[in-house]
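Participant: give me a 3D structure for the following:
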Amino acid sequence: MPDIIAEIRLPTEELRNDIPFFTKTLGMRMDSIYPADDPTVAVFSGYGIRLRIEKGAPEPTGTLRILTDAPDSFADGARELIAPNGTRIEIDVRHPPLVMPETQHAFVVRRLADQAPWVIGRAGMHYRDLIPDRLGGSIIASHIRIPDGGPVPDMVHYHTVGFQLIFCYRGWVDLVYEDQGEPFRLHAGNCVIQPPEIRHRVLYASDNIEVIEIGVPAEHVTTIEHDMALPNGPANPDREFQGQKFVHHRAEEATWQPFRVPGFTARDTTIAQNTRNVAGVQVVKPDGNAGWSSHNADILFTFVMDGTMVLHGEGKEPYKLEPGDAFVIPPGMKTKYAEASEDLELLEVSLPGVFETT
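Facilitator: Predicted structure coming up:
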C-alpha cells in the first residue's frame, strides 16, 4: 500500500503571522513552506494531525480542539485562542472526570402498548427508551433488540460510565470481556455488569435477541479500542475496574430470598456487593399479598419481564402493567404492587444497591 498523508487545509490572509502562533504558541512542527521568496503555504504537524495553512484557501477558518492531561501548562493556561488566520483553538482536558447529574425525581410509567419509537443505534441494534426524560440525565434505560441473529458488527470498545447493566431478556448473545477469559453465552434471565471502561465486544446473537441495558449517567462516551484484541488472556475475576468487579449472574446458580417488599421473593445478582453498593439488581416474583410501601433510594427502576400487575401510586390512577412495561418510583412515594399474576417477573435496578424500604 502506498504511503499516504492526509492534511486539513485552513485559510489565511497573511501566512507570516501564523507561523509563530502554530509553532511557538501551540508547539506544532513546521514541515514545509513555499514558495521561498513569498510563502503562501505552510504545513504544520503535531498532536496526530497535519495542518495546511494556505493563503486564499476557500474554506472557513474552523475550530481546532487540543486535548491534554495538563491544560494549565499548555499555551500559558489559555482555554481558548484565536489564531491570526481566524482559526479558533479550544484547549480542554483529555480525560474529563465523569460528571453524575443530580437526579430529577419523577414517577414514570412507560408502556410497550404506547408504541414508543424504536430507533437504530450502534452496530445496527434497535433501541427503545424506557425513561424518556432520563431523570435529568442521571440514568438511561434501553430496551434493545436485534431482529435477525448472526454475527454482530461490533468492535472492541469501552464506556466511560458509573454503572452499566446488560440483562438478557429474550434469546441469547455471545460476549467477550477484558480479563474475563474466553467468550461466553449470556442466556435469557442472566445478566452482566460492565464495570467502568472494561473493554468488551458483542460477537454473535440469536434471532430476536432482546436485552435491557441500564447506563449511569444517561450521556456517556463510547470509545473504540483499536489496539486490543479479545480475549486477551486468562481470566482474572478479582480484578477491579474503578472499584467494581465484573459480574456474570446466572439464574440457575442463584438463591431466592424474601424481597424488600412483603408478598414477593427475589434472587439477588450480587451486583451490590461487587460494585461496592453503587447499584443493586434483583429479579422479583410474587409470593403472597403486598401492601403499600415507600423507599429512600435515589433511583428505583423496574421492568416487567413476564406476567401482569397493577401499579398503585399515591395520588395516581392505577396502571395495569404487562410484559415490556417499565416504571420509576421516586423516593418517598407510596406505591403498591397489586393483582400480581402467578407468572409475574420483575427486573428491579436500584442506585444505591442497599437502601431502606418502609
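Participant: what ranges does this structure have for its helices?
Facilitator: 15-20, 271-274 (DSSP state H).
Participant: show me what the longest one is packed up against.
Facilitator: Contact analysis of helix 15-20 by 3 or more Cβ pairs under 8 Å, 6 or more residues apart in numbering; DSSP states H and E lists strand 29-34, strand 41-46, strand 49-55 as its packing neighbours. No exception for glycine: its C-beta is placed from N, CA and C like everyone else's.
Participant: can you report how many residues lie near Asn277?
Facilitator: 14 (other Cβ atoms under 10 Å).
Participant: ok, His157 touching Thr223?
Facilitator: Yes - counting by Cβ atoms under 8 Å, Thr223 is a contact partner of His157 at 6.2 Å.
Participant: those two: which has the busier surroundings?
Facilitator: Between His157 and Thr223, counted using other Cβ under 10 Å, His157 has the larger neighbour count: 17 against 12.
Participant: residue contacts, the more buried one?
Facilitator: His157 makes contact with Arg199, His200, Arg201, Thr222, Thr223, Ile224, Glu225, according to Cβ atoms under 8 Å, 6 or more residues apart in numbering.
Participant: switch the cut-off to 7 Å
Facilitator: Thr222, Thr223, Ile224, Glu225 (Cβ atoms under 7 Å, 6 or more residues apart in numbering).
Participant: over to Gly121?
Facilitator: In this structure, Gly121 makes contact with Tyr127, judged by Cβ under 7 Å, 6+ apart.
Participant: out of the helices and strands packed on helix 15-20, which is closest to Asn232?
Facilitator: Among the helices and strands packed on helix 15-20, the nearest to Asn232 by Cβ to Cβ is strand 49-55 (29.8 Å).
Participant: what sits up against the closest one?
Facilitator: Contacts for strand 49-55 (Cβ under 7 Å, 6+ apart): 5-13, 15, 18, 40-44, 85.
Participant: pull out the buried residues from it.
Facilitator: Going by neighbour count (16 or more other Cβ atoms under 10 Å), the buried part of strand 49-55 is Arg50, Leu51, Ile53, Glu54, Lys55.
Participant: which one of the residues you listed is nearest to Thr63?
Facilitator: Out of the buried residues of strand 49-55, the member with the shortest distance to Thr63 (by Cβ to Cβ) is Leu51, at 12.4 Å.
Participant: pLDDT weak spots in the protein?
Facilitator: 1, 115-116, 122-124 (pLDDT under 70).
Participant: as a markdown table, the buried residues of strand 49-55 with distance to Arg250 would be great.
Facilitator: A markdown table is the format used below for the buried residues of strand 49-55 (distance: Cβ to Cβ, whole Å):
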| residue | distance to Arg250 |
| --- | --- |
| Arg50 | 51 |
| Leu51 | 53 |
| Ile53 | 59 |
| Glu54 | 61 |
| Lys55 | 66 |
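Participant: greatest separation within those residues: which pair is it?
Facilitator: Across the buried residues of strand 49-55 (Cβ to Cβ), the longest gap, 17.4 Å, separates Arg50 and Lys55.
Participant: just the buried residues out of the contacts of strand 49-55, in ChimeraX syntax.
Facilitator: Applied in ChimeraX, the following selects the buried portion of these according to 16+ other Cβ under 10 Å:
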select :10,11,12,15,18,41,42,43,44,85
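Participant: quick one: closest of the helices of the chain to Ala251.
Facilitator: Closest approach to Ala251 among the helices of the chain is made by helix 271-274 (13.7 Å; Cβ to Cβ).
Participant: ok, and what's touching the closest one?
Facilitator: With Cβ under 7 Å, 6+ apart as the criterion, helix 271-274 contacts Ile193, Gln244, Lys245, Val247, Ala279, Gly280, Val281, Gly353, Val354.
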